[in-house]
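Colleague: missing the sequence, but the structure's below:
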């Protein structure tokens, strides 16, 4: 039986000054929740409403490992990763819905 896809994603605020890394098995729903402020905590407090990076994994375990790995990296590493996929730092949400 094939497992559901899982995602690691990075969101930022309007000025691209804050980075939030998360993991989910439903990227569209989760990003929508962040954008609408349904999720209390960091993304709501810092208005991280822009999806700027995501990766797809075959299992939630793989995605969680990558999330922990990215959270352990310095900001410069994360910025380089984002720049490779999304050099303009556009909101990718409309591309995934």
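Modeller: Yes, it's here. It should be emphasised that the depicted structure is a prediction, and the values quoted were computed from it without experimental measurement. Numbering: from 1, shown residues only.

Colleague: Give me the distance between residue 16 and residue 60.
Modeller: Residue 16 sits 28 Å away from residue 60, going by C-beta to C-beta, to the nearest Å. No exception for glycine: its C-beta is placed from N, CA and C like everyone else's.

Colleague: who has more neighbours, those two?
Modeller: Each of residue 16 and residue 60 has its neighbours counted (other C-beta atoms under 10 Å); residue 60 has more, 17 against 12.

Colleague: Distance check, residue 29 against residue 83.
Modeller: From residue 29 to residue 83 the distance is 27 Å (C-beta to C-beta).

Colleague: So for the two, which sits in the more crowded spot?
Modeller: Each of residue 29 and residue 83 has its neighbours counted (other C-beta under 10 Å); residue 83 has more, 13 against 10.

Colleague: what about that one, which helix or strand?
Modeller: Assessed by DSSP states H and E, residue 83 sits inside helix 75-85.

Colleague: distance between that helix and the chain's centre?
Modeller: From the chain centre to the centre of helix 75-85 is a distance of 12 Å (C-alpha atoms, centre = their mean, to the nearest Å).

Colleague: And for stretch 83-94?
Modeller: 11 Å.

Colleague: ok, now stretch 24-37?
Modeller: Distance, stretch centre to chain centre, for stretch 24-37: 9 Å (C-alpha atoms, centre = their mean).

Colleague: Then stretch 7-15?
Modeller: The answer for stretch 7-15 is 5 Å, by C-alpha atoms, centre = their mean.

Colleague: rewinding a little: what is the helix or strand following the helix holding residue 83 packed up against?
Modeller: Once the chain leaves helix 75-85, the next helix or strand it forms, by DSSP H and E, is helix 93-96. Packing partners of helix 93-96 (3 or more C-beta pairs under 8 Å, 6 or more residues apart in numbering; DSSP states H and E): helix 27-35, strand 50-57.

Colleague: Repeat the analysis, applying 7 Å as the threshold.
Modeller: Helix 93-96 sits against helix 27-35, with contacts defined as 3 or more C-beta pairs under 7 Å, 6 or more residues apart in numbering; DSSP states H and E.

Colleague: Pull the residues that contact the helix it packs on.
Modeller: Here helix 27-35 makes contact (C-beta atoms under 7 Å, 6 or more residues apart in numbering) with 7, 9, 11, 22, 24, 39, 43, 48-49, 51, 54, 93, 96-97.
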